[in-house]
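Peer 1: All I have is the shape, not the residue letters:
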């Protein structure tokens, strides 16, 4: 029996694929669990239409994410922190601090998307990588200055 997979099934196929399975497996497991549909003409047409709409929404999301990445690339943040004479901070700058500074600039970004190998412990200028959805990466400029 031919079925359209609605979700990925290990050792069978990915969502959207039409696969051939035994009648019992389709009737007793895949279809009742909502994992697959019978691959008749009506379901194939409906699934293709749904797939087309999904691809369009993904493309819109991707373009919005790319615009956001450009906005981040042009963003320059300044964070003031207490530091000693040699530029070493009393404490450190973490992803949470960067996220809060972005929020004050009107940019909402989850701190988990900001990539820091380790917290920043010196004053200076840094290029901070940011990982966005759809495998899009960007970076922002961060200046850490001494708070007088």
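Peer 2: Happy to help now that I have it. Worth saying up front: this structure is predicted, and the values here are computed from it rather than measured. Numbers count the residues shown, from 1 in each chain.
Peer 1: Next up, the contacts around the residue nearest the centre of the chain.
Peer 2: In the chain, the centroid-proximal residue (C-alpha atoms, centre = their mean) is residue 133; its distance is 2.3 Å. Taking C-beta atoms under 8 Å, 6 or more residues apart in numbering as the criterion, residue 133 is in contact with 61, 65. Bear in mind the C-beta positions are built from the backbone N, C-alpha and C, glycine included.
Peer 1: Number of residues surrounding the closest residue in space to residue 82 that isn't next to it in sequence?
Peer 2: The spatial neighbour of residue 82 that comes closest, neighbours along the chain excluded (C-beta to C-beta, 6 or more residues apart in numbering), is residue 90 at 4.6 Å. The tally of other residues near residue 90 (other C-beta atoms under 10 Å) stands at 10.
Peer 1: Residue 90 belongs to a helix?
Peer 2: No: note on residue 90: no helix contains this position according to DSSP: H, G, I helix; E, B strand; the rest coil, which reports strand.
Peer 1: Go ahead and confirm it touches residue 121.
Peer 2: No: in this structure residue 90 lies outside contact range of residue 121 using C-beta atoms under 8 Å: 9.6 Å.
Peer 1: surely residue 13 meets residue 5?
Peer 2: Yes: A contact is recorded between residue 13 and residue 5 when judged using C-beta under 8 Å, the distance being 5.3 Å.
Peer 1: Let me see the contact set for the residue nearest to residue 82.
Peer 2: Contacts of residue 90 were listed using C-beta under 8 Å, 6+ apart, and they are 81, 82, 83, 84.
Peer 1: in what helix or strand does the closest residue to residue 73 other than its chain neighbours lie?
Peer 2: Of all residues not flanking residue 73 in the chain, residue 138 sits nearest, at 5.3 Å (C-beta to C-beta, 6+ apart). When elements are defined using DSSP states H and E, residue 138 is found to belong to strand 136-146.
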